[in-house]
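>>> what would the 3D arrangement of this be:
(2 chains, ligands or ions: 1)
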Amino acid sequence: MSEQTEPATTFVPSGRLQLGVFFQGVNSGTVWKAAESGSQTDFESFRRIAQTAERGLFAAFFLGEGLRLREHLGRPHALDVAGRPDAQTMLAALAAITSRIGLVATQNTTYNDPADLAHRLSTLDLLSGGRAAWNVVTTDNAWTGANFRRGGYLDHADRYRHAEAFVQTAKEIWDSWDEGALAASGTDETWVDRAALRPIHHNGRHYTVDYLPRLPRSPQHHPVLFQAGDSPEGRNFAARQADVIFSAHPQYDDALQFRSDIVARTVAAGRGANDVKIMPASEFILGATSKEAQDKKAWVRSLQIGPQQAIAYLEQFWGRELSAYDPDGPLPDIDPVVEETSETRGSGFHGAKARELASTWRSEAAEKGLTIRQFVSARTSRGDATFTGSYTEVADRLQQYAVTGAVDGFNISPWLIPTGLDDIVNHLVPALQERGVYPTEYEGSTLRDNLGLANPARLPTLSPASA
Amino acid sequence: MTDTQTPFPPERGGLLLLDLDGSGAHPAAWRLDPAGPARSLLPQRLRETVLAAESAGFHAATFSDGPTPRNPSAAAHLDALQRAAFAAPVTRSLALIPEVDTVYTEPFHVGTQLASLDYVSLGRAGWLVAASADAAAAAAVGREHVAAPALADEAADAIEVSRRLWDSWEDDAVIRDVPSGRYLDVDKLHYADFAGRNYSVKGPAIIPRPPQGQLPVLAPAGLLAPEQVAAGAVDGLLLSAPAPGLLAAEVTAARAQNQPRVAGGPALIVELDIVLDARGQSASDRLAALDAYTPWQETRARFTGTAAELADLLAELLLVTDGVRLHPAVLDVELEELARLVLPALRLRGLLAPIHPDATFREQLGLSRPPSRYADAVTRATTAVPSTRGANA
Ligand SMILES: Cc1cc2nc3c(=O)[nH]c(=O)nc-3n(C[C@H](O)[C@H](O)[C@H](O)COP(=O)(O)O)c2cc1C
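Predicted coordinates for the structure are as follows:
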């Protein structure tokens, strides 16, 4: 509660950037075909990335989550990297061999219970000495529900209402132990002072919680909240609840626009203009020279989108087998089969008007003279999200983001595991430090310290425990 | 699992497991800790404890848990599975066995998390199955309370879900075939298609097959119905008796009821609370002092005495059981005596299985690495090599 100080209504750029690393585990961006590409599941790969990131003073190590394997034309999708460890289990292990980097777990609100998930996140926060974060995702479809005893499907608006109630309950759980609830020494009367704990009662539409929370607050009080949904509902949810947005807006002008949108929503929600940090998803392809970086980019792209990926990409929108088409020829002249179930499930693309899309794409490709492979490569190259250039060129571009406050940092997806951060940490980080826009040491020991976030005050809605 | 080759009695010695819970198993153990109970929640404390257990020569550590506090004077637990995961990169040989509930958890999450623990520990993970009978645990997640006879079915169903998920990727499903552009061979991925009494789980897993193929699953004797045990639901049973002198008879009775280990029957592990003479005080004085705060009401057999007497008792037990799980009254105090006097004496007598750094928990239990149940007969025959490690281990 801030009765004395009104929340700031004007955004003030910090002039600084933070970096995070997103070990994706399931995606088409990791070039598994390169000879130097390592295991996607061995602990050694995660250790290597996390420790390299920590050497580079990264604020966060980030893991995604997908609760059902992606499918393509009714079978598991074969062409992309797939299969990854559970985020929190992996992060608990990494907590033991890192000391400063934040540990961010993407966790779903639809297929978890608030009491259980809040407890596990508290554990991660305590085990890491206050370095845990939760990337709140709501992704949901009946198809994923088939893996869960609760099953379930929530429509879009309902999902966010549910997510918000869920997060609110988690915050109550995290706030439920007063300072000093635990006995300070062996001579105290009891292990924990029951009068200093608040039981949680919540009777919601989608879940009921009647729970006596089991853990005290961590050094950063409770896990940092990340949010990654881009719809208006998602943005409002972030403006009310999140500390950091993992955004899909890395391109400079777009980033500035997204910033002002989020500032407006945050202020409207009664929070300070600087209270929500923004870290877009991004990819870096770097070299000693501009030319070296461009050559590397061509090589990376050729490995990301091979002929099979190009065909499969179209198949998910056409909803039918297209293997008879030449990847180096024009786009298919046949029409898509329009069925929701024919999309690559789990791709996040739903309800597209497939026939319309196909004809737009056909004319676009014909106009530009693009083959299937060239067309798909252009569409999926994450052109917006990729920073290509020499270390100094890219450092200069990033400096501009820092100065204007377009973003607070970048969440980097390495395209190579486990060595994909090496050139960033060895060359880009020093170049950013020279420009004065990147930390030269960790600010503190918790993730909130390192992101410049204040420890949250207790929820005003909570009555004193003993009342 | 008929490919088990271990003869009984094990020629290679038995296993010692240590439960690492808070300040110790006695409800007043925390009173002897000058830092109070807060220390039991610190990562540094966990690191020191697992390292001490490993260097003492224990084969495995168990991590107790429960959806609601069992003991009003030890109200907080860090999540057991995450404690085990945290312990993984700081240890080399210790098997890591979290207690995980099957009634008020999502079986799909549990299976994924346990497989992940197996990855981060390079094949040293196990699962101590629990089935919460606690009404408060049901209320915490807004579910109907499940009472006694149904608990066995809840546990058996959740175990079956995990076992199917662990097999749902065959060992060589990740092919990384550059010419065909395929990362996966989808013919080697399988739907779990579990349809149980109360829920169903589709699969496949979202993580490749764990390094051990199947994690060893342990359960307290009596949790599952005899036919569920006979069907191979678990790899080990934890046996309790009211007094140390009755444990051997309990083992004999369980041997008679279960398949022999050579035929795939469960390993039998006995439970023992211990209080030792230590730091110039007799065990009974120490126990009396602790009980004066809070009486230790446990149904497990309890040993109270000297380290030498405990070594003799364990020597007898290790001749008939596959292992003993120790619950130390005060973790720091008992562990010091165990490390200094008890384990060296047992090792000298050749009663403990040798410790191999990097051995899997299955290897410790004498279990071979099973092929996936979904692999076709040809693949099964060629992959049923005893004690091989996972492709990713
Ligand atoms: C950069 C980014 C990363 C995301 N990562 C995940 C993820 O790992 N797992 C997941 O289930 N959803 C993920 N999402 C999906 C979002 O959480 C959200 O559910 C989805 O975007 C739909 O919400 P919306 O309609 O508000 O965008 C991600 C979204 C974005 C923008």
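>>> list the buried residues in stretch A:199-206.
Neighbour-count burial for stretch A:199-206 flags A:200, A:202, A:206 (criterion: 16 or more other CB atoms under 10 Å in any protein chain shown). Where you see a C-beta, it was placed from the backbone N, CA and C, and this is true even at glycine.
>>> so, low pLDDT: which residues of the stretch 201-350 of chain A?
Regions of the stretch 201-350 of chain A meeting the criterion pLDDT under 70 cover residues A:338-350.
>>> quick one: name the residues of it near chain B.
Taking CB under 8 Å from any CB of the partner chain, the part of the stretch 201-350 of chain A that reaches chain B is made up of A:207-212, A:214-216, A:306-309.
>>> pull the number of nearby residues for the closest residue to residue A:435 other than its chain neighbours.
Excluding its sequence neighbours, the residue lying closest to residue A:435 (CB to CB, 6 or more residues apart in numbering or on different chains) is residue A:399, at 4.8 Å. Applying other CB atoms under 10 Å in any protein chain shown, we find 19 residues neighbouring residue A:399.
>>> report the contact partners of residue 130.
As the question left the chain open, I've gone with chain A. By CB atoms under 8 Å, 6 or more residues apart in numbering or on different chains, the contact set of residue A:130 is A:218, A:219, A:220, A:445, A:446, A:447, A:448.
>>> chain B was what I was after
Residues counted as contacts of residue B:130 (CB under 8 Å, 6+ apart) are B:65, B:66, B:99, B:100, B:101, B:102, B:155, B:220.
>>> look up how far residue B:101 lies from it.
Residue B:130 is 5 Å from residue B:101, where distance means CB to CB, to the nearest Å.
>>> again with residue B:318
Going from residue B:318 to residue B:101 by CB to CB gives 30 Å.
>>> then residue A:273?
Going from residue A:273 to residue B:101 by CB to CB gives 44 Å.
>>> ok, those two, which is more surrounded?
Just comparing residue A:273 and residue B:101: by other CB under 10 Å the higher neighbour count belongs to residue B:101, 21 against 18.
>>> can you give me the pLDDT of that one?
You'll see residue B:101 listed with a pLDDT of 96.
>>> state the distance from it to residue A:199.
Using CB to CB, one gets 20 Å for the distance from residue B:101 to residue A:199.
>>> and residue A:300, by the same measure?
Remark: distance between residue A:300 and residue A:199 (CB to CB) = 53 Å.
>>> again with residue A:451
32 Å.
>>> the residue in chain A sticking out farthest from the centre in helix, strand or coil?
Going by CA atoms, centre = their mean, the residue of chain A most distant from its centre is residue A:187, 45.3 Å out. For residue A:187, the secondary-structure state derived from DSSP: H, G, I helix; E, B strand; the rest coil is coil.
>>> excluding its backbone neighbours, what's nearest it?
Among residues not flanking residue A:187 along the chain, residue B:31 sits closest, at 7.3 Å (CB to CB, 6+ apart).
>>> and the strands in the stretch 201-350 of chain A?
A:208-211, A:224-227, A:244-247, A:277-287 (DSSP state E, counting those that start in this stretch).
>>> returning to that earlier point: tell me the SS of the residue nearest to residue A:187?
In three-state terms, and counting by three-state DSSP, residue B:31 is helix.
>>> which residues does it contact?
For residue B:31, the contacting residues are A:186, A:187, B:290, B:293, by CB under 8 Å, 6+ apart.
>>> and the helix or strand harbouring residue A:448, what does it pack onto?
Residue A:448 is part of helix A:447-451 when elements are defined by DSSP states H and E. Here helix A:447-451 touches strand A:102-108, strand A:224-227, going by 3 or more CB pairs under 8 Å, 6 or more residues apart in numbering or on different chains; DSSP states H and E.
>>> can you list contacts of the first one?
Spelled out, that is strand A:102-108. By CB under 8 Å, 6+ apart, the residues outside strand A:102-108 that reach it are A:20, A:59-65, A:67, A:87-88, A:91, A:94-95, A:117, A:121, A:124, A:128, A:131-140, A:224, A:226, A:228, A:447, A:450-451.
>>> circling back: in JSON lines: the strands of the stretch 201-350 of chain A, plus mean neighbour count.
Shown next, in JSON lines, are the strands of the stretch 201-350 of chain A (neighbours: other CB atoms under 10 Å in any protein chain shown):
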{"stretch": "strand A:208-211", "mean neighbour count": "22"}
{"stretch": "strand A:224-227", "mean neighbour count": "26"}
{"stretch": "strand A:244-247", "mean neighbour count": "27"}
{"stretch": "strand A:277-287", "mean neighbour count": "23"}
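>>> with respect to residue A:35, which of those lies nearest?
Nearest to residue A:35 among the strands of the stretch 201-350 of chain A is strand A:277-287 (17.9 Å), distances taken as CB to CB.
>>> just the CA coordinates for that closest one, please, in PDB.
Taking Å, rounded to 0.1, in the frame of the first residue of the first chain, the C-alpha atoms of strand A:277-287 are listed here in PDB:
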ATOM      1  CA  LYS A 277       9.400  -4.400 -16.800                       C
ATOM      2  CA  ILE A 278       9.400  -5.500 -20.400                       C
ATOM      3  CA  MET A 279      11.700  -8.100 -21.800                       C
ATOM      4  CA  PRO A 280      10.900  -9.200 -25.400                       C
ATOM      5  CA  ALA A 281      11.800 -12.600 -26.800                       C
ATOM      6  CA  SER A 282      14.800 -12.300 -29.100                       C
ATOM      7  CA  GLU A 283      17.500 -14.100 -31.100                       C
ATOM      8  CA  PHE A 284      21.000 -12.900 -31.600                       C
ATOM      9  CA  ILE A 285      23.200 -13.800 -34.500                       C
ATOM     10  CA  LEU A 286      26.600 -12.200 -34.000                       C
ATOM     11  CA  GLY A 287      30.000 -12.100 -35.500                       C
END
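>>> give the other helices and strands that that strand contacts.
Secondary-structure packing of strand A:277-287 (3+ CB pairs under 8 Å, 6+ apart): strand A:18-23, strand A:244-247, helix A:252-268, helix A:290-304, strand A:386-390, helix A:391-404, strand A:409-412.
>>> between the ones you listed, which one is nearest to residue B:258?
That would be strand A:18-23 among these, by CB to CB, at 43.5 Å.
>>> relative orientation of that closest one and helix A:391-404 in degrees?
Per axes from the mean of the first three to the mean of the last three CA atoms, to 10 degrees, the angle that strand A:18-23 makes with helix A:391-404 is 120 degrees.
>>> avg pLDDT for stretch A:444-454?
Here stretch A:444-454 scores 96 as its mean pLDDT.
>>> can you check stretch B:354-364 too?
pLDDT averaged over stretch B:354-364 gives 94.
>>> with distance to residue A:327 added, can I get the helices and strands packed on helix A:447-451 in JSON lines?
Listed next are those as JSON lines, based on distance: least, CB to CB, whole Å:
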{"stretch": "strand A:102-108", "distance to residue A:327": "33"}
{"stretch": "strand A:224-227", "distance to residue A:327": "37"}
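>>> reformat the ones you listed as a markdown table; add distance to the ligand.
Formatted as a markdown table, the helices and strands packed on helix A:447-451 follow (distance: least, CB to the nearest ligand atom, whole Å):
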| stretch | distance to the ligand |
| --- | --- |
| strand A:102-108 | 4 |
| strand A:224-227 | 7 |
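>>> indicate which one of these is closest to residue A:149.
Nearest to residue A:149, of all the helices and strands packed on helix A:447-451, is strand A:102-108, at 14.4 Å by CB to CB.
>>> right, and the helix or strand after the closest one?
Following strand A:102-108 in sequence order, the next helix or strand is helix A:114-127 (DSSP H and E).
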